[in-house]
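Enquirer: quick one: sequence and predicted model below, then my questions.
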Amino acid sequence: MKHALEAPGSPSPELPVVSVDPAVAVEALRPLARVAGLFALLRPRQWIKGSLVLTAPLVASPGTAVTQIVPLLGTLLSFLAASSAVYIFNDLRDRDRDRLHPVKRNRPLASGRVSTSAAITLLVVLLAGTAALTALLPALVGVVVAGYLAINLWYCLALKHQPLVDVSVVSVGFVLRVLAGTIAVGIAVQPALLIGVYCACLALSLGKRRHELAALSAAGGEAGEHRPALRAYSVHFLDQVVLVNLVAALVGYVAFIWAQTPPYGPVTAGLTFPFAAFAVHRYLQMIAMGGSGGDPVEDLFRDRALLVNVGLWAAVLAQAMLASVWHVW
């Protein structure tokens, strides 16, 4: 009788060699590659921008934000879907031009990882999802989301090639996020916050143009080859307007925080101003000396000093909000 286990020292039985056809392996991975390409088409790294929907409710009225969490999250999701739809539409329009760019040629459509038909299908699904979500929200939120889609589609079609108009439209899109979050929970509109957000986003958009212009100059390329609006900019001009808008953003931030219920507002403004000022100084240092500014979201996540600063800033704001809710000032 043979035993199931061989005696010690006996030769091991040979295992059959299984060969895998490379073509079959590649074919098996294609569905995963398609899903990954479609997901990349949504620009998930940019979803952090949607957090502006939460800004006014969480800072100005955290208690209301908690009680109105459902419409607030619905508004956030609608903007995430709408912004991804805009990115897809923009990539569809620019896929040929993106192939000429050293970085953008790796985008899913420009590189061929995602087909045009698949991108269009995903775009339709996102627009339908946005419409379904906004139908469940206050009517005015739906108007704001529709306005966001309208100006951004117009941006993709024509406005992105108009100097200064291009960055202004992008900044208005961020303001609309803040406005929608405010309306969703039914609190008063905060003009200082809207001004501060507009100026901050304008500075970041101008900083992105500066990065592109500087990179083209270093590579010996011609301004406007990939982005026609760059022909109307210079590094010196952009340095000045970035600084002006960052100062205005600081003023708007302080005015917004200061206007909250005393003593919560004034004390919080004083405690958090150093963090806001450091963020401005660090960003200016990064674009002037570090060659950054091409992607503000990427700059934030890769810069340890900015990350620590934002973390401390958020912690102080959170403590101040909790103190306000529990009336311990």
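Expert: Arrived safely.

Enquirer: how near is residue 211 to residue 163?
Expert: 16 Å (Cβ to Cβ, to the nearest Å). Where C-beta positions appear, they are placed from N, C-alpha and C, glycine not excepted.

Enquirer: those two: which is more packed in?
Expert: residue 211 (21 against 13; other Cβ atoms under 10 Å).

Enquirer: so the more buried one is in which element?
Expert: Using DSSP states H and E, residue 211 sits within helix 191-219.

Enquirer: residue 118 contacts residue 31, correct?
Expert: No: if you go by Cβ atoms under 8 Å, residue 118 and residue 31 don't touch, sitting 11.9 Å apart.

Enquirer: who's in contact with the next helix or strand after the helix holding residue 211?
Expert: Per DSSP H and E, the first helix or strand lying C-terminal to helix 191-219 is helix 235-258. Contact partners of helix 235-258, identified using Cβ atoms under 8 Å, 6 or more residues apart in numbering, comprise 59, 190, 192-193, 195-197, 199-200, 202-203, 206-207, 209-210, 213-214, 217, 265-266, 268-269, 272-273, 276-277, 280, 283-284, 287-288.

Enquirer: show me which of these are buried.
Expert: Taking 16 or more other Cβ atoms under 10 Å as the criterion, what is buried in the contacts of helix 235-258 is 59, 190, 192-193, 195-197, 199-200, 202-203, 206-207, 209-210, 213-214, 265, 268-269, 272-273, 276, 280, 283-284, 287-288.

Enquirer: tell me the pLDDT at residue 1?
Expert: For residue 1, the model assigns a pLDDT of 47.

Enquirer: and the helices in the stretch 1-150 of the chain?
Expert: 22-41, 52-60, 62-67, 69-98, 108-111, 116-135, 139-157 (DSSP state H, counting those that start in this stretch).

Enquirer: most tightly packed of those helices?
Expert: helix 52-60 (a mean of 22; mean count of other Cβ atoms under 10 Å).

Enquirer: specify the angle between that helix and helix 139-157 in degrees.
Expert: 140 degrees (axes from the mean of the first three to the mean of the last three Cα atoms, to 10 degrees).
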